[in-house]
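1. I would like the atomic coordinates for the input below:
(chains A and B)
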There are 2 protein chains.
Amino acid sequence: MTTDRRFHLNAFLMNAGHHDAAWRHPRTSPERATDLRYFQELARTAERGKLDSVFLADGLALWGNARHNVLGGFEPLTLLSALAAVTEHVGLIATVSTTFNEPFHTARKFASLDHLSGGRAGWNIVTSGSVDEARNFGQDEHLEHRLRYDRAREFVDVATKLWDSWEDEAPVIDRERGVYADTDKVRAIDHEGEYFRVRGPLNVQRSPQGYPLLVQAGSSEDGKEFAAQHAEAVFTAQQTLADGQTFYKDLKSRLAGHGRAPQELKILPGICPVIGSTEAEARALEEELTALQVPEYGLHQLSKMLDVDLSGLPLDGTLPDLPEERDINGNKSRFTLVAEMARRDGLNLRQLIARLGGGRGHRVFAGTPEQIADQLEEWFTEGAADGFNIMPPHLPGGLEDFVDHVVPILQRRGLFRTEYTGRTLRDHYGLPRPANRLAVHA
Amino acid sequence: MTTDRRFHLNAFLMNAGHHDAAWRHPRTSPERATDLRYFQELARTAERGKLDSVFLADGLALWGNARHNVLGGFEPLTLLSALAAVTEHVGLIATVSTTFNEPFHTARKFASLDHLSGGRAGWNIVTSGSVDEARNFGQDEHLEHRLRYDRAREFVDVATKLWDSWEDEAPVIDRERGVYADTDKVRAIDHEGEYFRVRGPLNVQRSPQGYPLLVQAGSSEDGKEFAAQHAEAVFTAQQTLADGQTFYKDLKSRLAGHGRAPQELKILPGICPVIGSTEAEARALEEELTALQVPEYGLHQLSKMLDVDLSGLPLDGTLPDLPEERDINGNKSRFTLVAEMARRDGLNLRQLIARLGGGRGHRVFAGTPEQIADQLEEWFTEGAADGFNIMPPHLPGGLEDFVDHVVPILQRRGLFRTEYTGRTLRDHYGLPRPANRLAVHA
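-> Numbering: from 1, shown residues only, chains lettered A, B, ... in the order given. All right, here's what the predicted structure looks like:
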């Protein structure tokens, strides 16, 4: 590892927090899930901590069981556009599905967000994993996993061509001659592929970053290949340092096959930090959250992750027989992670629900700010991470605690920035602005 | 007319202004078309004038000829979401096409914008009019006019059901019992129609306004019937008081057939006010703008409006033979308006381009603030308008002049509000919050 590797932090925002019982905890405000000012405060807290970015997940259906958790709320692109107006530095990463959208709309909205924010847009590219989503778009069955990735690849190809359909120098704005744009530098893309036919050009001038930062979060075989080809940052769920190192090495090694260098992709494992001023206080908070869990909710979530109906099973019993990963058409890597966790640690259903409550399969770590900083430093130094996807168990307090108590330690250790040094999200992640692939060079 | 009729004003925002040569005028800043702060200043100017709303048109292709005008820029929903964060009162109306979108996405984004803005979202429902747009979405031909309206009706039906899929009282947020939502009040919609199958529910809680304000702008026969059934505000292009009165009476009379009262739909003709402190100054500004027009641009726009290729024709000649309205698959009412204007006033191409430069078929009126206020009052009092869609010829100055010099006259005459009296866009337009059609009442 070179010594100038930079350490990155993303804040994964989610209503009352990542723990599934967070909304019942006195430090949260579940009634603010549809209050712009609440998210504005979260984004400003992230900015106060000099974090690289904030991130919103997304689904195109009412997931899970809204009876027992804060589900529903803002759509990511509209919310992040509003946050663009009230923040200055922090990156804004929105999840958008390639399975249920059209590339013209998606390319256009991200170009618009990138202009709005002065170059702070990021796109978490997902292929969507559920039949519940398909049924909101006229389909009874969900597109098969591999085909979803085929479509995603073509979708990204079309989007990048649309972002390149205006050269940076196209707007000349010559009032005297009456020439707004040099239209020789604005091009149709005439894409004709298997999934899309799109003529272009885009009706948005090329944006500050050229392309938004391209982010990906699937860790299946298809997902890793897609990431190696297209992604510039990857969110991943890894439970142990060894698993994190294996994943890191595997994914980085795939880049060369696509003509890319290892530093062109940043790997950010998720961590749900349960912070206490003493270890005992952190553990007490973790137990307090576990005690607030609603078992029916946990069973429902677990049923969806494992694609088996667990409703009505005794909580003190173990998992029934599970399908094979190859038969899972949703999130394959999460299925395998949870199945292995249950088997390896011999967990009954109640224990499994407790273990998944904090991070839905992401790593949960309870400790003091110093202990958490140690963990992050270890994973960074030992080749398991270029940074972290921070998933506070409860919000806004869990993010405030991280920014006020963990970030200063990382800064003192020389790991993390003390001021923003660039203007764009690409600057924060140390990634270049892409060259225009359609531009004609003399 | 009852005496408590209220007078409404919408500011139609457009890059450097509505005159096609505005960007060449010294009072405009065409380089700010992708600058959020520029639009923020415009929205705040509208708010300073206590206007009901600001509005953005939209197209899903790079229209016209970007060589000679500021084309391209922000996508409306992302821009208005950003403006929601930096304004407090003014309504935010975005154009979204029903032909190239999915109702789940559109319903969701408007619900999100309505929450973001505290109830200030409006949707200008368009069916899109050009083959250039179709070609960005995998189609070679544009859907036929009548079928576009069939699809639009079903689209709005699905969207309203999705907005009603959460009852207002569904989120109970009972931390003690662990119940976030009363899921008996969150319903699938199970829509199965000719164009869409959508299961629902929406993944957004019911928004402050219930539905965004529903706006429409087509004045063809199909358009008027659609408006009579669904719209709550209509933007229309009317050149003369008599035409305005005929349109107003016609559209209002259609409402009863859909069980609606005349005041449930507000009619807002467009006007491009060219403001001078004297009449001579106003006329000089109009001439200055005409002198800045690029004839190739005007011919190109005119060719699109009339669906004939006029390129290369002599500017001092008259229009060639035109098709019939029934053969126009784009904007039928605009075609007829322009064709009749040319015939009635015996205009050659140069004169027609000059006439259309300011408002693209909307009425242009040059005069003092007093004269403009007289015109608006006359149309309002004489039954041609419930208010106006203000299309400043140049921006930001044209909107500032309107707000600083015309609005105070309207206020002194008791026509226009001096303070906002409500919180939501529906409040501003005096329209009720829709009842939930899916709610079950005991």
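2. Looking at stretch A:22-34 now, give me its mean pLDDT.
-> In this model, stretch A:22-34 carries a mean pLDDT of 97.
3. Just the buried residues of that stretch, please?
-> Neighbour counts over stretch A:22-34 (16 or more other Cβ atoms under 10 Å in any protein chain shown) mark A:Ala22, A:Trp23, A:Arg24, A:His25, A:Arg27, A:Thr28, A:Ser29, A:Pro30, A:Arg32, A:Ala33, A:Thr34 as buried. Where you see a C-beta, it was placed from the backbone N, CA and C, and this is true even at glycine.
4. how about the residues of the stretch 151-300 of chain A near chain B?
-> Within the stretch 151-300 of chain A, the positions near chain B by Cβ under 8 Å from any Cβ of the partner chain are A:166, A:171, A:173, A:175, A:178-183, A:186, A:196-205, A:207, A:292, A:294, A:297.
5. Give me the PyMOL select line for those residues, limited to the buried ones.
-> Buried members of those can be picked out in PyMOL with the line below, counting by 16+ other Cβ under 10 Å:
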select buried, chain A and resi 166+171+178+179+180+181+183+186+196+197+198+199+200+201+202+203+204+205+207+292+294+297
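6. Tell me which of the residues of the stretch 151-300 of chain A next to chain B fall in helices.
-> Mapping those onto helices (DSSP state H) picks out A:Leu292, A:Tyr297.
7. Quick one: list the elements packing against whichever helix or strand A:Arg44 is part of.
-> Assigned by DSSP states H and E, A:Arg44 falls within helix A:36-48. For helix A:36-48, the contact count by 3 or more Cβ pairs under 8 Å, 6 or more residues apart in numbering or on different chains; DSSP states H and E identifies strand A:8-12, strand A:53-56, helix A:76-84, helix A:397-401 as packing neighbours.
8. quick one: which of the ones you listed is nearest A:Lys249?
-> With Cβ to Cβ as the measure, strand A:8-12 is the member of the helices and strands packed on helix A:36-48 nearest A:Lys249 (18.5 Å).
9. Need the contact partners of that closest one.
-> The contact list for strand A:8-12, computed with Cβ atoms under 8 Å, 6 or more residues apart in numbering or on different chains, reads A:18, A:42, A:45-46, A:49, A:51-55, A:57, A:91, A:93, A:233, A:235, A:266, A:268, A:270, A:386-392, A:399, A:407, A:416, A:428-429.
10. show me where pLDDT drops low in chain A?
-> A:1-4, A:441-442 (pLDDT under 70).
11. So in it, which helix runs the longest?
-> Secondary structure of chain A per DSSP H: the longest helix is helix A:145-163.
12. Run a quick check on A:Gln375 versus A:Gly367, I expect a contact.
-> Yes. Between A:Gln375 and A:Gly367 a contact is recorded at 7.5 Å, counting by Cβ atoms under 8 Å.
13. wait, is A:Ala373 part of a helix?
-> Yes. The assignment for A:Ala373, made by DSSP: H, G, I helix; E, B strand; the rest coil, places it in a helix.
14. isn't it right up against A:Pro408?
-> No. Using Cβ under 8 Å, A:Ala373 is not in contact with A:Pro408, being 9.1 Å away.
15. Compare the two (neighbour count), which wins?
-> A side-by-side neighbour count of A:Ala373 and A:Pro408, using other Cβ atoms under 10 Å in any protein chain shown, places A:Ala373 first with 23 against 15.
16. Disregarding residues adjacent in the polypeptide, which is nearest to that one?
-> In this structure, A:Ala373 finds its nearest non-sequential neighbour in A:Ile409, 4.1 Å apart by Cβ to Cβ, 6 or more residues apart in numbering or on different chains.
17. can you check A:His300 too?
-> A:Asn65 (4.8 Å).
18. A:Ser311 too?
-> A:Ser311's closest residue in space is A:Leu299 (Cβ to Cβ, 6+ apart), at 6.0 Å.
19. elements contacting the longest strand anywhere in chain A?
-> Longest strand in chain A by number of residues (criterion: DSSP state E): strand A:266-275. Packing contacts for strand A:266-275, counted by 3+ Cβ pairs under 8 Å, 6+ apart, involve strand A:8-12, strand A:233-236, helix A:241-255, helix A:279-292, strand A:363-367, helix A:369-381, strand A:387-390, helix A:397-401.
20. what's the closest of these to B:Asn329?
-> Minimum separation from B:Asn329 across the helices and strands packed on strand A:266-275 (Cβ to Cβ) falls at strand A:233-236, 44.7 Å.
21. and the closest one, how far from the chain's centre?
-> 7 Å (Cα atoms, centre = their mean, to the nearest Å).
22. Each with direction, which strands does that strand pair with?
-> Strand A:233-236 pairs in its sheet with strand A:213-216 (parallel), strand A:266-275 (parallel), by DSSP bridges.
23. mind listing what the closest residue in space to A:Asp316 that isn't next to it in sequence touches?
-> Nearest non-adjacent residue to A:Asp316, counting by Cβ to Cβ, 6+ apart: A:Asn348, 5.4 Å away. A:Asn348 is in contact with A:Leu315, A:Asp316, A:Gly317, A:Thr318, counting by Cβ under 8 Å, 6+ apart.
24. ok, the residues you listed vs A:Thr278, which is closest?
-> Taking Cβ to Cβ as the measure, A:Thr278 lies nearest A:Leu315 of those, at 30.6 Å.
25. hmm, back to that, got the strands paired with strand A:233-236 as CSV, with mean neighbour count columns?
-> Formatted as CSV, the strands paired with strand A:233-236 follow (neighbours: other Cβ atoms under 10 Å in any protein chain shown):
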stretch, mean neighbour count
strand A:213-216, 26
strand A:266-275, 26
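26. Could you export those strands as TSV, including distance to A:Leu162?
-> Listed next are those as TSV, based on distance: least, Cβ to Cβ, whole Å:
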stretch	distance to A:Leu162
strand A:213-216	14
strand A:266-275	25
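27. what's around the closest residue to A:Lys252 other than its chain neighbours, how many residues?
-> Leaving aside its sequence neighbours, A:Lys252 sits nearest to A:Pro262 (Cβ to Cβ, 6+ apart; 4.5 Å). Neighbourhood size, A:Pro262 [other Cβ under 10 Å]: 16.
28. what about A:Pro262, distance to chain B?
-> Relative to chain B, A:Pro262 is positioned 34 Å away (Cβ to the nearest Cβ, to the nearest Å).
29. now do A:Arg44
-> 12 Å.
30. Tell me where the stretch 301-442 of chain A has helices.
-> A:332-345, A:349-357, A:369-381, A:397-401, A:407-412, A:425-429 (DSSP state H, counting those that start in this stretch).
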